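Chemist: model the structure of this input:
(3 chains)
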Amino acid sequence: MNSSAFKDTLLLVVFATAILTMPIWLKPFGAAYPDLMQRFAIYGLFAIGFNILFGLTGYLSFGHAAFLGVGSYAAVWSFKLLTMNVLPAVFFGVIVAGFFAYLIGFISLRRSGIYFSILTLAFAQMCYNLAYSVLTPITNGETGLQLTLDDPRVLDAQAAAGSIPGTTLFGIPMTGITGFYFCAVVLIIGFFISMRIFNSPFGMMLKAIKSNQNRMSYTGFNTRPYLIWAFVISGMYAGLAGSLLAVTDPLAGAERMQWTASGEVVLMTILGGAGTLVGPFLGAGLIKYFENIFSSFNEQILHEAFAALPDGLENALVGLTSLFVGEGWHLTLGLLFMVIVIFLPGGIMEGVRRIGSLFTRSGSKAKSESSTAPEAR
Amino acid sequence: MSKLTKKGSQWSRRDVLKATAATGAIAGAPMFFTRHAYGADYLNNPGDAGSVKLGFNVPQSGAYADEGADELRAFKLAVKHLNGEGDGGMMTTMQPSELKGNGILGKKVEFVTGDTQTKSDAARASAKRMIEKDGVIMVSGGSSSGVAIAVQGLCQEAGIIFMAGLTHSNDTTGKDKRANGFRHFFNGYMSGAALGPVLEKAYGKERNAYHLTADYTWGWTQEESLIASTENIGWQTQTTVKTPVGAGDFSQYITPVLNSGADTLILNHYGKDMINSLTQAVQFGLRDKQVNGNDFVIVVPLYSRLMAQGAGENVKGIFGSTNWHWSLTDAGSQAFVKSFGQEYGFPPSQAAHTCYVQTLLYADACERAGTFEPCQVGAALEGHKFDGLGNGPTEYRAEDHQCFKDVLVVKGKENPTSQFDILEVVEVTPRAQVEYAPDHPMFAGGNLGECNNGA
Amino acid sequence: MDSILLQILNGLDKGGAYALIALGLTLTFGTLGVVNFAHGAIFMIGAFCAVTMNKLLTISKKVKDESITFFDAFKEQPYLEIWFGDTGAKIVEYSVPLSILLAVPVMILIGLAMERGLIRHFYKRAHADQILVTFGLAIIIQEIVRHYFGANPIPQAAPAIVAGSASIGEWFGLGPNLVYPWWRLIYLVFALVVLGSVFAFLQFTTFGMVVRAGMQDRETVGLLGINIQKRFTIVFAIAALVAGLAGVMYTPILPPDYHMGMDFLVLSFVVVVVGGMGSLGGAVAAGFLLGILQSFASMNEVKSILPGIDQIIIYLVAVVVLLVRPRGLMGRKGVMED
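Modeler: Next up, the predicted model:
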């Protein structure tokens, strides 16, 4: 007990340190600019929340992006109507998303397995399609909900004419690097809560549901309230992530709710390792890194990178690598998915575990662990 | 630290706070990157550097990827010309021009690229990377109005200039106009105003129009514009139907047209939707029909030649409008088509043209302002009159940052000679006919706000 | 009246398309238990078989176009037309039906290769892993297609003889306004024939019987000394073939582009699940049901009462069906419920 508590504290400290020092150690990767680091934190939070549902209970929701979108809309409306302070925005984002999650979860959780997945997908797609078209007065449709000069903002003092005020936390601007630190702190809190949930009796109950729901219900145990709570909590994480997106960049677009966005968080979680604490965050970071950095390499940059080589070789290498970067970044992502899942069943965390077991050399135990992992459904 | 000596070791709480703040600021400084860098009077000031960076944010994946690729080709060509390489293209025909072929303000032009994925979120993320990491001084590009408006809003908040690429919605320079954003491309209102008289001449005054409209902001503004201009020439509007974006199969929207009594179908679709709905409307035999003694006709208000390239037979004889077309014979267009054609082996699209022109216009404005400072560059663009860039005499109107120029009405060519020869220019509608007041109801509700230089 | 009949035809046509795509998916997903996110990509490959065939048939002699001076533009004349005159032109015109000849071997090979090379190793893996690996594969296929064919849709024409519309109204004495494109009618008939053959194959052959038994209880069938693995490989190839043929025949209706598979992916999953896991008949029924409802929801009369209903009807129906019938229309107990 004590040693596990110690391990948890250690994990939390290491995680927090790693997050807060991102501006330093991400520099060599070309990723240490505020927007991308904010995205790492926000989508990491999204995936960590998703993992509370999927990783613990095995219920695969294909509609979590709806809560992200709803959280964003709520936050932007809070900026438009109330104040540029981020706390009410985050509050409303989480609450409204939680409310939506309760409604959708209440209905969808009447089914399990693939039927549950399709129900959540259907609800999210309905939200997306309506937000894109008929609900435009609320969502501003395709263009996305933006701040304008004539928003009321009843709680704020009149801002300087002619410019839209930025989001703040009691005067601290929430864009740029301070915005990142705000997201980072929220992420660490979110991680801490997720860790507590994993170790709590509630979390144990969810894991039990995953391993055998039938047996649970035979014992006369009603699993539904637990599932609904797990669904609502992960929906609130999504809403939190959505409101943070609006905090760092006050715009909410409908395509945040599209099925591809729901699919993305599923991929992030599986890629990192479903059911692990840190895995979903790693998966989210990896996907966002590819999306933002790999897509930006163009031939000019490649030529600079290979400039030291002889001309013929340089051109050949540029031609080859340009298939995988720039507009070809999707191809690299697809390859990455396949390679990881083929060689590392269990995602990135499985790789970490294997590397770890190389060092600890407690051979047999680690081996049996890793060979049983893929069998688990 | 002078306070330390003054008050000895007696640190007041205030001093400690100040010192902490100062230490924090110093430690934090490298993390602020270019933003609010010391000594900068505006965001991403290139200062003494020998080069300056522009950001080209185009769709590289999704439905508009080919259009994005064409825009990127144009941007690269523009950079080449600005740096004095190649044959100079439109730099030789642009009037007035301060461009010297030695970069911008003597600094070599470099560029970074990004993928908008035709999604507002991804586009803003990509633009933010350019601004925060790469330190660009201007962002350009876009292939849909939603993305253009989203990125324009971002550039306004960040404090750099946005030179819009292909965006056709009235809102870009209407409801959602911004002081830091400039659009060279034409818009839905202009399409309607230009098409009206041509349609009247070709199809008469008594027509009954049926609209199929993509169900989002661009579709609506175009529908509104077209209804206004066709009713102006005496046409009736029979029905308007909104179709979901990316519907794929439009048959369920097309069959009601057959028996509706309408004799004209107006397709307010763009890109993939346009190709699909047009192909299917033709397949349903609409163009072979006779209604009220009229031949049934289809109109596609905004043409994309790139997309229409494969549609072959289906576009023949169909009217539409376009911002520019490579077959124009003025000196500017010819120079551009020549250098683009020699570089890439095919003619440029209208998207490529507008992006190329926007880059030159930006560079010229910097030269005239003598600085990269966004507000002064913006001021140099406002009200700027120029010629020789393929659209005849053009003005960047100061009130809404929209370019006013002639609009082309085109028609699908009956006997194309090559795979690029799809459209023929029917009429060059003069600027006066497509001009509107800045407070026109279709554009009302917006406010440029004040220019932001990010400092 | 006409408009109702036309919408029913539209619905049947759409339904045929949905059912064909869903049929392949339900074979792999509903019965083999593999969540195949690459199924849409297989459909897309089929469509691009038609594009490839057209490109092959129209390999052209290039004559420089002298009217364009600033770059090398070419007028193209297909060799087939140069060599065989009108016969050659006719062959080019029939490129879509001809591409079935190309699609059959290609799709079967792709199906076999996918199952042998990849899917086989994932039967026992978690669904999550199946999603990740097939999604990755779908992306790779898409990007390869985009690399060669670009991102713009490439319209394919149906043969001229069936390019127009059939006067259905006159056949049945319902007035001249009831017309429907020939190719869409052909597609409907084609869909019904393919659906019928797959059913007959699984229902009336020994092979089909073993496969159906294997779906119910793989282990017992294995104990009987039957190599169920080999049969599953063939089922997968059939699924790929059906999806591929659906793609080929759909090209004159919907100009193919590299992303069309993803656009159909979600829809086909919804169709399969609404039909019920493990039920071929359910998938077909759901396909036609959703197709027809979607057509009716798009009518102005309906949209004026319920704005935006045509955008969500499919999902709305999915929710209602799954709430009323826990396992979809005809689902079997215990398939993919855990």
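Chemist: can you give me the strands for chain A?
Modeler: A:145-146, A:168-169, A:172-173, A:251-252 (DSSP state E).
Chemist: okay if I get the ones you listed as JSON lines plus mean neighbour count and distance to chain C?
Modeler: Bear in mind the C-beta positions are built from the backbone N, C-alpha and C, glycine included. Below are these laid out as JSON lines (neighbours: other Cβ atoms under 10 Å in any protein chain shown; distance: least, Cβ to the nearest Cβ, whole Å):
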{"stretch": "strand A:145-146", "mean neighbour count": "24", "distance to chain C": "18"}
{"stretch": "strand A:168-169", "mean neighbour count": "17", "distance to chain C": "37"}
{"stretch": "strand A:172-173", "mean neighbour count": "14", "distance to chain C": "38"}
{"stretch": "strand A:251-252", "mean neighbour count": "27", "distance to chain C": "19"}
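Chemist: quick one: closest of those to chain B.
Modeler: strand A:145-146 (5.1 Å; Cβ to the nearest Cβ).
Chemist: what pairs with that closest one, parallel or antiparallel?
Modeler: strand A:251-252 (antiparallel) (DSSP bridges).
Chemist: residues in contact with the strand it pairs with?
Modeler: A:69, A:72-73, A:75-76, A:139, A:144-146, A:242, A:245-246, B:120-121, B:124, B:150, B:153-154 (Cβ atoms under 8 Å, 6 or more residues apart in numbering or on different chains).
Chemist: quick one on the thing from earlier: with mean pLDDT added, can I get the strands of chain A in TSV?
Modeler: Output for the strands of chain A, formatted as TSV (pLDDT from 0 to 100):
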stretch	mean pLDDT
strand A:145-146	87
strand A:168-169	88
strand A:172-173	86
strand A:251-252	88
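Chemist: for these, give me JSON lines that also has distance to A:A31.
Modeler: Shown next, in JSON lines, are these (distance: least, Cβ to Cβ, whole Å):
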{"stretch": "strand A:145-146", "distance to A:A31": "27"}
{"stretch": "strand A:168-169", "distance to A:A31": "24"}
{"stretch": "strand A:172-173", "distance to A:A31": "22"}
{"stretch": "strand A:251-252", "distance to A:A31": "22"}
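Chemist: which residue is it, in the stretch 301-450 of chain B, that comes closest to chain A?
Modeler: B:E450 (3.3 Å).
Chemist: pull the CA atoms of stretch B:124-144 into CSV?
Modeler: Taking Å, rounded to 0.1, in the frame of the first residue of the first chain, the C-alpha atoms of stretch B:124-144 are listed here in CSV:
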residue,chain,number,x,y,z
ARG,B,124,-5.6,28.2,-37.1
ALA,B,125,-3.2,25.7,-35.5
SER,B,126,-1.1,25.9,-38.7
ALA,B,127,-1.2,29.6,-38.8
LYS,B,128,-0.2,29.9,-35.2
ARG,B,129,2.8,27.7,-35.8
MET,B,130,3.9,30.0,-38.5
ILE,B,131,3.4,33.1,-36.3
GLU,B,132,4.8,31.7,-33.1
LYS,B,133,7.5,29.3,-34.2
ASP,B,134,8.6,30.4,-37.7
GLY,B,135,8.1,34.1,-37.1
VAL,B,136,6.2,35.0,-40.3
ILE,B,137,5.2,38.5,-41.0
MET,B,138,2.2,37.7,-43.2
VAL,B,139,-0.1,34.8,-43.7
SER,B,140,-1.9,34.0,-47.0
GLY,B,141,-3.9,31.2,-48.4
GLY,B,142,-7.2,29.4,-47.9
SER,B,143,-9.6,27.6,-50.1
SER,B,144,-12.9,28.0,-48.3
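Chemist: ok, back up a step: would you mind measuring from the residue of the stretch 301-450 of chain B closest to chain A to chain C?
Modeler: Distance, B:E450 to chain C, using Cβ to the nearest Cβ, to the nearest Å: 38 Å.
Chemist: and for B:V198?
Modeler: Taken as Cβ to the nearest Cβ, the span from B:V198 to chain C is 26 Å.
Chemist: isn't there a strand covering that residue?
Modeler: No: per DSSP: H, G, I helix; E, B strand; the rest coil, B:V198 lies outside any strand segment and is helix.
Chemist: neighbours around it, how many?
Modeler: 19 (other Cβ atoms under 10 Å in any protein chain shown).
Chemist: assign the residue nearest to it when sequence neighbours are not counted to helix, strand or coil.
Modeler: Distances taken as Cβ to Cβ, 6 or more residues apart in numbering or on different chains place B:V409 nearest to B:V198, at 4.6 Å, with adjacent residues excluded. At B:V409, secondary structure determined by three-state DSSP is strand.
Chemist: bridge partners for B:V409, pull those for me.
Modeler: Under the criterion used (DSSP bridges), B:V409 bridges to B:S321, B:E427.
Chemist: so which elements touch the lowest-mean-pLDDT helix or strand in chain C?
Modeler: One helix or strand of chain C scores below all others by mean pLDDT, DSSP states H and E: helix C:218-223, with a mean of 72. Under the contact definition 3 or more Cβ pairs under 8 Å, 6 or more residues apart in numbering or on different chains; DSSP states H and E, helix C:218-223 sits against helix C:206-216, helix C:228-250.
Chemist: per-residue confidence for C:V266?
Modeler: Per-residue confidence (pLDDT) for C:V266: 89.
Chemist: what's the helix or strand for it?
Modeler: Here C:V266 sits within helix C:260-275, counting by DSSP states H and E.
Chemist: excluding chain neighbours, give the residue nearest to B:K119 in space.
Modeler: Using Cβ to Cβ, 6+ apart, the nearest residue to B:K119 is A:E255, at 4.8 Å.
Chemist: likewise C:V145?
Modeler: C:Y258 (4.4 Å).
Chemist: the one you found touches C:F149, doesn't it?
Modeler: Yes: with contacts defined as Cβ atoms under 8 Å, C:Y258 counts as touching C:F149 at a distance of 6.5 Å.
Chemist: pick out whichever of the two has more residues nearby.
Modeler: Counted by other Cβ under 10 Å, C:Y258 and C:F149 do not tie: C:Y258 has more neighbours, with 28 against 17.
Chemist: remind me which residues of the stretch 1-150 of chain A are low pLDDT?
Modeler: A:1-2 (pLDDT under 70).
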